Structures are given as C-alpha cells and as structure tokens.
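**Q** My questions are about this predicted structure, shown below with the sequence.
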Amino acid sequence: MKKNKNPLQGLKVTYIEGHPLSGGHGEFRKRQYDEIINNRDIIKHRTQIILDTEEQTAHDWWTNHKCFKSKQFWDQDAEIWSPYPIIHFYRTSIGAAIHVVCPVCQEDKDVSDYESW
Ligand SMILES: [Zn+2]
C-alpha cells in the first residue's frame, strides 16, 4: 500500500448558499471518501454481477488514481456529484469485459479477470 496523502485535507467550503450539503461540505465528502475506501464497491454499487478479483482490481486502481487523490476532484459543490468512476461493460466473443474509466481524465482501466473466463 502506497502512503496516501489525504486529498480532503484543507478542502475549500464551496457549498451553495442556502443549499449546504448535509453535515457540511467537508463532512459530506469525507463520508463519500470513506465509503469508497472501506466498502470496496466501485463496481458493486452498480451491479452485483462481478467477481471479487475484478472489484479488487478496480478498487486498487481507483483509490490510487491521481484524480481520485487530488483535492480538486473532491472540491465539488453539487450534492448529486458522485466520486465513483464510470463503469463500462463490453460484450466480447468469450464473455463480458469490464472497464473502469476516470470521469476527469478519461483514463481507462480494464479490470476483467480473464483467468476466470
Ligand atoms: Zn483521472
């Protein structure tokens, strides 16, 4: 495990006046951050049809990805904003490939567990 700098450290409070995020901006994002770090549900929050090895690969990649770890990424003022990456499913001749895509830089990670196909 790499040493992680906390991307939420010193987060600006940028909530829209009159519509503050519940519990305050920083607290709300902290909960989302902890959910991702602790739950290992990058893909599972979208679909249950996923192998643990694939979820593990997706989780390791996303939580170490430069955008996920940047403060800029977390400094969002919309409550509906999601800190989860985009999940793409591709049908191939031998099965379904799963890719995880960063919503910021569009970096694409193939997390398919081909060994299990
Ligand atoms: Zn990125």
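**A** The structure has been received and is ready for your questions. Bear in mind that the values here come from a model prediction, so they are computed numbers and not experimental data.
**Q** biggest helix in this protein, by residue count?
**A** Taking DSSP state H as the criterion, the chain has its longest helix at helix 25-39.
**Q** Could you give the average pLDDT over it?
**A** Averaging pLDDT along helix 25-39 yields 83.
**Q** I'd guessed Gln46 sits against Ile86; true?
**A** Just so we're on the same page, residue 46 is Arg rather than Gln. No. Using Cβ atoms under 8 Å, Arg46 is not in contact with Ile86, being 9.6 Å away. Backbone N, C-alpha and C define where each C-beta goes, glycine included.
**Q** coming back round to it: tell me what the longest helix of the chain is packed against?
**A** Under the contact definition 3 or more Cβ pairs under 8 Å, 6 or more residues apart in numbering; DSSP states H and E, helix 25-39 sits against helix 52-63.
**Q** three-state assignment of Val100?
**A** Going by DSSP: H, G, I helix; E, B strand; the rest coil, the secondary structure assigned to Val100 is strand.
**Q** residues touching it, list them.
**A** Ile42, Ile43, Ala58, Trp61, Trp62, Pro85, Ile86, Ile87, His88, Asp108, Lys109, Val111 (Cβ atoms under 8 Å, 6 or more residues apart in numbering).
**Q** that older thread, can I get the CA coordinates of the longest helix of the chain in PDB?
**A** Extracted in PDB, the C-alpha atoms of helix 25-39 (Å, rounded to 0.1, in the frame of the first residue of the first chain):
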ATOM      1  CA  HIS A  25     -19.300  20.200   2.700                       C
ATOM      2  CA  GLY A  26     -16.200  18.700   4.100                       C
ATOM      3  CA  GLU A  27     -18.000  16.200   6.300                       C
ATOM      4  CA  PHE A  28     -20.200  15.100   3.400                       C
ATOM      5  CA  ARG A  29     -17.300  14.500   1.100                       C
ATOM      6  CA  LYS A  30     -15.400  12.700   3.900                       C
ATOM      7  CA  ARG A  31     -18.200  10.200   4.200                       C
ATOM      8  CA  GLN A  32     -18.200   9.600   0.500                       C
ATOM      9  CA  TYR A  33     -14.400   9.200   0.500                       C
ATOM     10  CA  ASP A  34     -14.600   6.700   3.500                       C
ATOM     11  CA  GLU A  35     -17.300   4.800   1.800                       C
ATOM     12  CA  ILE A  36     -15.200   4.200  -1.300                       C
ATOM     13  CA  ILE A  37     -12.000   3.400   0.700                       C
ATOM     14  CA  ASN A  38     -13.800   1.000   3.100                       C
ATOM     15  CA  ASN A  39     -16.600  -0.600   1.100                       C
END
